[in-house]
Structure formats: C-alpha cells, structure tokens
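Q: Sharing a model prediction with you, sequence too.
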Amino acid sequence: MEFFFCFLLLSAHLLLASSLVQFQDNGLTPKQVSIHLEVHHGQSQLNHSTTSSLEFFSPKILEKDEQRVEAIRSRFSNKNLSNIKPELVSTPLKSGLSIGSGNYYVKLGVGTPPQYSSLIVDTGSSLSWLQCQPCKGSCHPQVDPLFNPSRSKTFKKFPCSSPSCSSLKESTLNDPGCEVGSGACVYREAYGDSSFSIGYLSQDVLSLTPSETLPGFVYGCGQNNQGLFGKSSGILGLGHDKLSALAQLSTKYGYAFSYCLPTSFSASKPSKGGYLSIGSSSLAKSPFKFTPMVKNPKIPSLYSIDLTAITVAGRPLGIAASSYKVPTIVDSGTVITRLPMPVYTALKEAFVKIMSKKYKPTEGISILDTCFEGRAKEIVNVPEIGMIFQGGAALPLNGHNTLIELDEKTTCLAIAGSSGTNPIAIIGNYQQQTFNVAFDISNSKIGFAPAGCE
C-alpha cells in the first residue's frame with residue numbers, strides 16, 4: 001500500500017551527526033548515568049573542498065527556514081492543519097534534496113542485531129522514525145543502508161487497537177491510519193518545510209552503544225518519506241511528549257539532556273566537535289544559568305522560554321518591555337533566529353549604527369536584510385549582541401554567532417524579523433552554536449553555558 005501525505009505542520013530539523021558513541025558510567029546509579037554522543041554539523045556529509053558557504057547558506061535554504069517558521073507561527077495561532085487524509089499515488093514521489101542541511105545528526109542502532117542509522121535529532125517533534133525497506137512509496141537518498149525489518153528478530157508493528165497507536169494524535173497532531181487487511185497502525189508525520197514521513201508505527205530495540213540498549217523502543221518505520229533530511233536515515237524526536245525518544249529514555253537516565261552544536265564550516269570561528277548527552281547527570285558538567293520553561297498549552301511539546309531584553313555592545317535596545325512578550329522557543333532546527341518586528345527593527349538600527357562606521361551596508365538576500373560588504377573573516381570587532389532571558393540566563397553572541405557569509409562579497413546578520421498578525425520569537429541553531437544548552441525537563445528549566453564544545 002502506497003501513501004502520499006502532503007501538508008504543513010510544525011518541525012525543526014536538528015541534523016545530528018555522530019562518528020563515535022561513548023557510554024559514561026562513573027559508578028553512578030541508573031538515573032545518574034548519561035549517554036554521551038559526538039555531534040557534528042550535517043554539512044560534514046558533503047565534500048568541503050568543493051562546497052562553498054554560498055552553496056550552503058543559499059536563498060533556497062533560507063526560504064525553507066522561513067517555511068518552517070511560518071508553520072510554527074500557524075500552530076501558535078490555532079490554525080487547524082491536522083486531520084488531512086492521505087492520498088494514494090501511482091508513482092513514487094521525488095526523493096528529498098541531496099544537498100546538505102543546516103543542522104546536525106547522530107548515529108544509533110535499531111533492531112536485533114542492530115542496524116545503525118544516521119538520525120536527525122529534532123527538539124521540535126516527538127515521534128522518531130527511520131526509512132525502512134521496502135519503501136512502498138518513496139525513500140530519499142541516505143548514507144547508511146536502509147533499515148530492513150525482516151533482519152531484526154525483535155521488530156514488531158503496532159495494531160490499530162494499541163494504546164501507542166492512539167497516542168499518535170497527541171504526538172503528531174494527525175489521526176493515525178489503519179492499513180486495510182493487516183490492521184497495522186499507520187503514522188503520518190509532517191514538517192513545516194513540506195517534508196513528511198508515512199509508515200508503520202513499530203517497536204524494536206534501540207542501541208545507544210553495543211552494551212546500552214532500550215527494549216521496546218517505539219518509532220515509525222517509514223515507507224514514504226520526502227523532504228529536507230539531507231542524507232540522514234530519519235529523525236530522533238526529542239520533543240516534550242510521551243512518545244518521544246527522550247521520554248522513553250528518561251525512565252533509565254532521567255528526564256534531561258544537553259548539547260553543544262559546533263560551528264558550521266563556513267563560520268568565521270570554527271569550533272571543536274559537539275555532543276549530545278542524554279540523562280540528568282549531563283547537567284552537572286557546565287556552569288549553567290537557567291531560565292524557567294514556559295508552559296504553552298497550544299504547543300506543549302516545544303521548549304518555550306521568556307526573552308526579556310536584548311543588548312548591543314552592552315546597551316539595551318531602549319524599547320518597551322511589552323515588545324518582547326511573544327511566544328518564544330529554543331529550536332535547534334530553525335537556523336536563523338527570529339524576533340518580533342519591533343525588537344528586530346531596534347536591533348538592526350543599533351547594530352548598523354556601529355558596523356557602518358567601518359563596513360559598507362549592502363543589499364540583503366532572502367530573509368536577511370542587515371548585510372555588509374566583505375567576507376566574514378575580514379569583519380572584526382563585531383559588537384556583542386546579548387539575549388537575556390527571565391531569571392538572568394543569557395546568550396552573549398559574538399561574530400561567529402551573529403554573522404553569516406552568503407557569498408564572497410556579502411556577510412549578513414544571522415537574525416531576521418518575525419512579522420504577521422501572530423509574531424513569535426525563535427532562538428535558532430546559529431545563535432546556539434558553541435554554547436552548552438541544557439534542557440532540564442524534570443525541573444522545567446533551560447540553561448546556557450559558554451564554551452560548551454571545548
């Protein structure tokens with residue numbers, strides 16, 4: 001049976017890559033143990049010697065980033081995008097774009113014996129899935145072999161009558177389907193840039209290391225998949241939902257995780273390799289400053305916080321405090337940070353006032369309209385932008401977090417305005433790079449610490 005499901009919903013692609021998996025024990029009790037995975041930029045899938053920053057941060061990537069933001073905004077405005085029915089197709093759809101991604105990926109094993117796959121880690125979605133043979137609809141190109149369920153001794157499909165199948169509506173915002181004849185539960189997951197996956201809700205053994213496994217891991221066995229997944233095999237969902245990988249792992253390691261995203265190869269200041277740590281003990285490794293998580297009933301699975309102020313070169317923007325009072329999320333899948341238009345306008349004016357004394361402003365590209373002539377490596381003494389959150393937590397952003405090189409002549413501020421009738425703020429992954437970011441779900445707080453990748 002072939003499925004095609006095209007719709008727009010919330011997502012964020014946090015492409016997480018791993019060449020090494022380590023288990024940290026240190027003699028701790030189970031919930032004090034953490035799993036530590038190396039993280040690399042998704043662009044590492046491509047040949048850096050032939051890929052320029054212009055090809056990477058192209059208008060196409062920025063346009064897809066904007067589509068994702070529009071989908072998130074629609075969720076906050078209560079626009080109903082669920083319950084769209086799947087359509088049958090007679091020919092396979094086009095595969096996902098084979099270009100790199102602006103995000104990160106990690107490699108994990110599924111099945112008995114384990115088959116290892118490079119999975120996108122997504123803080124903006126809950127259900128995990130990977131491409132599975134026989135790909136009844138379409139599978140995009142991936143660097144790893146397709147997962148073969150018939151080779152796993154522990155693979156099972158969920159029936160439509162199962163409680164896990166009933167939980168899909170809460171996790172994906174779409175009603176589950178039921179395959180005629182087999183009675184197998186069918187999931188439908190879609191993302192803000194028109195990417196999607198459809199397949200069977202399944203369970204199997206998840207291997208974090210050869211010795212550390214999670215039996216009965218609930219995930220989607222994707223039969224029809226299309227979109228901006230780079231060359232990954234699928235998604236590892238870390239959203240705040242009971243079907244997420246984080247929730248399933250929390251019974252053993254604790255309900256928390258942290259990461260550090262290394263800079264992309266095009267950044268002016270390359271960083272060391274990043275990491276993803278799952279477990280409560282991962283929060284003890286850095287001097288975090290925390291801000292409370294905000295409960296948003298419209299999208300409870302997202303990680304929301306309160307942005308209270310922004311400074312440029314140490315000076316506040318001088319705008320009303322009410323300008324910051326919009327839904328704000330920390331989203332490692334959105335590349336470019338978005339700010340409500342009054343805040344962005346004030347930030348742009350303050351930033352240009354300082355930068356234009358040494359660098360000539362130039363025409364913007366796509367969603368980025370605060371641009372200057374020159375290469376990123378040639379632009380020095382960039383004024384620090386401080387993002388301050390409730391409780392005193394902050395992100396002090398310097399050049400490698402603020403400037404993005406779009407071609408050999410143009411470097412832009414990697415922040416854009418969020419317009420429309422329902423403005424939102426999103427702290428994107430470009431601003432999070434090189435910081436240690438902690439998600440303490442048990443205590444409802446998010447923390448930031450500098451030099452996280454070192």
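A: Yep, that arrived. Numbers count the residues shown, from 1 in each chain.
Q: Residue 224 is in contact with residue 129, correct?
A: No. Using C-beta atoms under 8 Å, residue 129 makes no contact with residue 224, being 11.0 Å away. (Each C-beta comes from the backbone N, C-alpha and C, glycine too.)
Q: list residues touching both of these two?
A: Overlap of the contact sets of residue 129 and residue 224 (by C-beta atoms under 8 Å, 6 or more residues apart in numbering) consists of 197, 199.
Q: Just give me how far the longest strand seen in the chain sits from the chain centre.
A: Scanning the chain for the strand with the most residues, using DSSP state E, yields strand 213-226. When C-alpha coordinates are averaged (C-alpha atoms, centre = their mean, to the nearest Å), strand 213-226 and its chain have centres 18 Å apart.
Q: Name the next helix or strand downstream of it, please.
A: strand 234-237 (DSSP states H and E).
Q: name the helices or strands packed onto that next one?
A: The contact analysis (3 or more C-beta pairs under 8 Å, 6 or more residues apart in numbering; DSSP states H and E) places strand 234-237 against strand 115-122, strand 129-131, strand 213-226, helix 245-253.
Q: quick one: which of those is nearest residue 343?
A: With C-beta to C-beta as the criterion, residue 343 lies closest to strand 115-122 of the helices and strands packed on strand 234-237, at 26.4 Å.
Q: And the closest one, what does it pack against?
A: When contacts are defined as 3+ C-beta pairs under 8 Å, 6+ apart, strand 115-122 packs onto strand 104-110, strand 234-237.
Q: next one: that strand to chain centre, how far?
A: Mean-position distance between strand 115-122 and its chain equals 13 Å (C-alpha atoms, centre = their mean).
Q: go on, stretch 155-173?
A: Centroid separation between stretch 155-173 and its chain, computed with C-alpha atoms, centre = their mean, is 23 Å.
Q: what sits up against it?
A: Contacts of stretch 155-173 (C-beta under 8 Å, 6+ apart): 9-10, 81-82, 111, 125-127, 149, 174-176, 178, 182-185, 187-190, 200-204, 218, 221, 237, 239, 241-244, 301.
Q: coming back round to it: tell me the buried residues in the longest strand of the chain?
A: In terms of neighbour count (16 or more other C-beta atoms under 10 Å), strand 213-226 has its buried residues at 214, 217, 218, 219, 220, 221, 222, 223, 224, 225, 226.
Q: Just put the helices and strands packed on strand 234-237 in CSV and tack on mean pLDDT.
A: Output for the helices and strands packed on strand 234-237, formatted as CSV (pLDDT from 0 to 100):
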stretch, mean pLDDT
strand 115-122, 88
strand 129-131, 97
strand 213-226, 96
helix 245-253, 93
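Q: Let me have the ones you listed in CSV, extended by distance to residue 153.
A: Below are these laid out as CSV (distance: least, C-beta to C-beta, whole Å):
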stretch, distance to residue 153
strand 115-122, 12
strand 129-131, 18
strand 213-226, 12
helix 245-253, 20
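Q: Among those, single out whichever gets nearest to residue 344.
A: Of the helices and strands packed on strand 234-237, nearest to residue 344 by C-beta to C-beta is strand 115-122, at 25.6 Å.
Q: Extract the C-alpha set from the longest helix along the chain and format it as CSV.
A: The helix that spans the most residues within the chain, counting by DSSP state H, is helix 59-76. This file holds the C-alpha atoms of helix 59-76, laid out as CSV (Å, rounded to 0.1, in the frame of the first residue of the first chain):
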residue,chain,number,x,y,z
PRO,A,59,18.4,31.5,-0.6
LYS,A,60,16.8,28.1,-1.0
ILE,A,61,17.9,27.1,2.5
LEU,A,62,16.7,30.4,3.9
GLU,A,63,13.4,30.0,2.1
LYS,A,64,12.9,26.6,3.6
ASP,A,65,13.8,28.0,7.0
GLU,A,66,11.1,30.6,6.6
GLN,A,67,8.5,28.0,5.7
ARG,A,68,9.3,26.2,8.9
VAL,A,69,8.8,29.4,10.9
GLU,A,70,5.5,30.0,9.2
ALA,A,71,4.4,26.6,10.2
ILE,A,72,5.4,27.2,13.8
ARG,A,73,3.5,30.5,13.8
SER,A,74,0.4,28.8,12.4
ARG,A,75,0.5,26.4,15.4
PHE,A,76,0.5,29.3,17.9
